[in-house]
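Quick one, fold the following:
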Amino acid sequence: MTTTLNSFVSETQLGATEQTLISTGTSEKKFIGMASATNTSASAVELTLWRIDSTGTGTTGSGGNWFEVKTIPARSVVRLDKLLGQVLDYSMKLSGLASVGGVVNIDISGTTES
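From the prediction side, this is the model:
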């Protein structure tokens with residue numbers, strides 16, 4: 001088994017539809033050590049994240065399978081505390097969307113075990 005440090009995503013700009021940020025294969029696991037979101041807009045933006053099976057689709061609202069919904073103030077960087085220490089097991093993904101596309105940058109780093 002090998003463990004490596006990784007920058008999983010760097011300044012990845014979220015769209016207004018769900019997109020995969022990190023995924024794992026059938027023989028690897030990923031540990032999230034640090035995660036942040038930067039809102040470059042002059043208005044607050046809502047961020048939705050999912051930690052689900054790689055074939056799954058994120059759903060919102062009551063009864064949805066979202067992992068975190070967070071409002072990011074205008075022109076701010078926030079640490080995504082609920083992601084820190086989470087593990088993506090075999091064949092999982094972390095996906096997300098922003099209420100306004102093209103204004104939220106995501107940075108996530110950690111380790112990969114394969």
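
Tell me how far the nearest residue to residue 46 once chain neighbours are set aside lies from residue 28.
In space, and not counting its chain neighbours, residue 46 is closest to residue 99: 4.1 Å by CB to CB, 6 or more residues apart in numbering. In this view, the C-beta of every residue, glycine as well, is placed from N, C-alpha and C. Per CB to CB, to the nearest Å, residue 99 is found 32 Å from residue 28.

Please report how far the nearest residue to residue 28 once chain neighbours are set aside lies from residue 26.
Leaving aside its chain neighbours, residue 28 sits nearest to residue 114 (4.1 Å; criterion: CB to CB, 6+ apart). Residue 114 sits 10 Å away from residue 26, going by CB to CB.

okay, these two: which has more neighbours?
Higher neighbour count among residue 114 and residue 26: residue 114, with 12 against 7, using other CB atoms under 10 Å.

pretty sure that one contacts residue 24?
No. Between residue 114 and residue 24 there is no contact under CB atoms under 8 Å: 9.2 Å.

And residue 51, which helix or strand is it part of?
Using DSSP states H and E, residue 51 sits within strand 45-53.

Using CSV, write out the CA atom coordinates for stretch 69-83.
Taking Å, rounded to 0.1, in the frame of the first residue of the first chain, the C-alpha atoms of stretch 69-83 are listed here in CSV:
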residue,chain,number,x,y,z
VAL,A,69,-24.7,23.5,2.5
LYS,A,70,-22.9,26.7,3.4
THR,A,71,-23.3,30.4,2.6
ILE,A,72,-20.1,32.0,1.7
PRO,A,73,-20.0,35.8,2.3
ALA,A,74,-19.0,38.1,-0.5
ARG,A,75,-15.3,38.3,-1.3
SER,A,76,-14.4,35.8,1.5
VAL,A,77,-12.4,32.6,1.9
VAL,A,78,-13.9,30.0,4.2
ARG,A,79,-12.5,26.7,5.5
LEU,A,80,-14.8,23.8,4.8
ASP,A,81,-14.5,22.3,8.3
LYS,A,82,-17.0,19.5,7.8
LEU,A,83,-14.8,18.1,5.0
